[in-house]
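Novice: sequence unknown, structure follows:
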């Protein structure tokens, strides 16, 4: 795909944002404007970000950091809310519509459950940008763009790397029932692994039980020599399971956290598929701001991809420093 001037300009802004990190508590500081001035007061618009991420999920904390940093950069108000229950997520979207925000950013792990709420936003002429999941339904629902990772492509990339590492039977650990994106990741890995892929359903809200279930599977099926976690917290739980079971299974994961990067550096995790979720917060606020001020649209009906990239032992040290600042 050709890189348009607007995307190049956005990348320039991202460089400024990525270079600014907090000195205390790992909080990201608001980036300065290109001319060196301070970010303008938050009075240029209001945008709501509504995701399926639960409280305390470090992946979604980084998405939130990106959205809020963009809001400070552009002088717009950004509110972030998340709920893993599709019904409650729909209610949050309805609330944003009632508040007459200037734009809504929403993740669609369960598209059908959100269709009516998103339809209300579109009918109210509030621009909607979908992120992270549900890319194949985004245009159908009337969203102006989708920002995220192509899950099947990322899954195929993970399968290729696991195959190269000698994995022949893979356990794909699914942590959210009904999440279409997670199913696409497992299917993609199955396409390229050339071996057997078995799914294991777990509950991300109970990580101790995740460790227990993965441990039990590794102990009962010695043929499993690879594990693919689909979430950073699940990856750490699976790492503990490999240790507890005495298995030699090779572990890989989707998504980053400081713990995952440390485990990669220590050789406990082979690699992480990095969808650069900071961009899934930053870019939609950027695009909505441009749409409000200049009626710009981005993507031409195609997703704006934020990955995949791969974090391995070779680049983990550099990524670790960025993760400390809450941007990776």
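Specialist: Nice, thanks for sending it over. Keep in mind the model is a prediction, meaning the values are calculated, not measured. Numbers count the residues shown, from 1 in each chain.

Novice: look at the residue lying closest to residue 261 once chain neighbours are set aside and tell me its secondary structure.
Specialist: Using CB to CB, 6 or more residues apart in numbering and skipping residues adjacent in sequence, the residue nearest residue 261 is residue 320, 4.5 Å away. Using the backbone N, CA and C atoms, a C-beta is placed for each residue, glycine as well. Assigned with DSSP: H, G, I helix; E, B strand; the rest coil, residue 320 falls in the helix class.

Novice: OK, contacts around residue 320?
Specialist: Contacts for residue 320 (CB atoms under 8 Å, 6 or more residues apart in numbering) come out as 258, 261, 262, 265.

Novice: how about the contacts made by the first one?
Specialist: When you say that, I think you mean residue 258. Counting by CB under 8 Å, 6+ apart, residue 258 touches 58, 320, 323, 324.

Novice: got any ranges where the stretch 201-328 of the chain has weak pLDDT?
Specialist: Counting by pLDDT under 70, the stretch 201-328 of the chain contains no low-confidence residues.

Novice: show me the strands in the stretch 151-300 of the chain, by range?
Specialist: For the stretch 151-300 of the chain, the strands defined by DSSP state E, counting those that start in this stretch occupy 169-174, 196-201, 226-229, 250-254, 272-274.

Novice: out of those, which is the most enclosed?
Specialist: strand 226-229 (a mean of 28; mean count of other CB atoms under 10 Å).

Novice: helices or strands up against that strand?
Specialist: Counting contacts by 3 or more CB pairs under 8 Å, 6 or more residues apart in numbering; DSSP states H and E, strand 226-229 is packed against helix 151-164, strand 169-174, helix 180-193, helix 232-245, strand 250-254.

Novice: ends of stretch 73-85, what's the gap?
Specialist: Chord length of stretch 73-85, first to last residue, is 31 Å (CA to CA, to the nearest Å).

Novice: so how far is that stretch from its chain's centroid?
Specialist: Counting by CA atoms, centre = their mean, to the nearest Å, stretch 73-85 is centred 15 Å from the centre of its parent chain.

Novice: state the distance from the residue nearest the centre of the chain to residue 288.
Specialist: Among the residues of the chain, the one closest to the centroid is residue 277, at 4.2 Å (CA atoms, centre = their mean). Shown here: residue 277 relative to residue 288, a distance of 17 Å by CB to CB, to the nearest Å.

Novice: what do you get for residue 278?
Specialist: Note on residue 278: its distance to residue 288, by CB to CB, is 16 Å.

Novice: ok, the closest residue to residue 160 other than its chain neighbours - how many residues close by?
Specialist: Using CB to CB, 6+ apart and skipping residues adjacent in sequence, the residue nearest residue 160 is residue 192, 4.7 Å away. As a burial measure, residue 192 scores 16 neighbours (other CB atoms under 10 Å).

Novice: so where do the strands sit in the stretch 1-150 of the chain?
Specialist: Under DSSP E, counting those that start in this stretch, the stretch 1-150 of the chain gives strands at 46-51, 77-82, 103-107, 128-131, 145-148.

Novice: just the buried residues of the contacts of residue 320.
Specialist: Buried members of those, counted by 16 or more other CB atoms under 10 Å: 258, 261, 265.

Novice: tell me the spacing between residue 268 and residue 206.
Specialist: 22 Å.

Novice: equivalent analysis for residue 164, please.
Specialist: On the measure of CB to CB, residue 164 and residue 206 end up 33 Å apart.

Novice: pick out whichever of those two has more residues nearby.
Specialist: More neighbours surround residue 206 than the other of residue 164 and residue 206, with 12 against 9 (other CB under 10 Å).

Novice: contacts only, for that one.
Specialist: Not one residue lies near residue 206 by CB under 8 Å, 6+ apart.

Novice: got the strands of the stretch 1-150 of the chain as a markdown table, with mean pLDDT columns?
Specialist: Shown next, in a markdown table, are the strands of the stretch 1-150 of the chain (pLDDT from 0 to 100):
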| stretch | mean pLDDT |
| --- | --- |
| strand 46-51 | 98 |
| strand 77-82 | 97 |
| strand 103-107 | 98 |
| strand 128-131 | 98 |
| strand 145-148 | 97 |
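
Novice: would you turn these into CSV with mean neighbour count and distance to residue 214?
Specialist: CSV is the format used below for these (neighbours: other CB atoms under 10 Å; distance: least, CB to CB, whole Å):
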stretch, mean neighbour count, distance to residue 214
strand 46-51, 26, 26
strand 77-82, 19, 25
strand 103-107, 27, 26
strand 128-131, 28, 29
strand 145-148, 26, 27
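
Novice: in CSV: those, plus distance to residue 233.
Specialist: Formatted as CSV, those follow (distance: least, CB to CB, whole Å):
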stretch, distance to residue 233
strand 46-51, 16
strand 77-82, 15
strand 103-107, 17
strand 128-131, 19
strand 145-148, 19
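
Novice: what is the neighbour count of the residue lying closest to residue 244 once chain neighbours are set aside?
Specialist: Spatial nearest neighbour of residue 244, chain neighbours left out: residue 215 (4.9 Å); criterion: CB to CB, 6+ apart. Neighbourhood size, residue 215 [other CB under 10 Å]: 20.

Novice: quick one: contacts for residue 215?
Specialist: The contact partners of residue 215, by CB under 8 Å, 6+ apart, come to 241, 244, 245.
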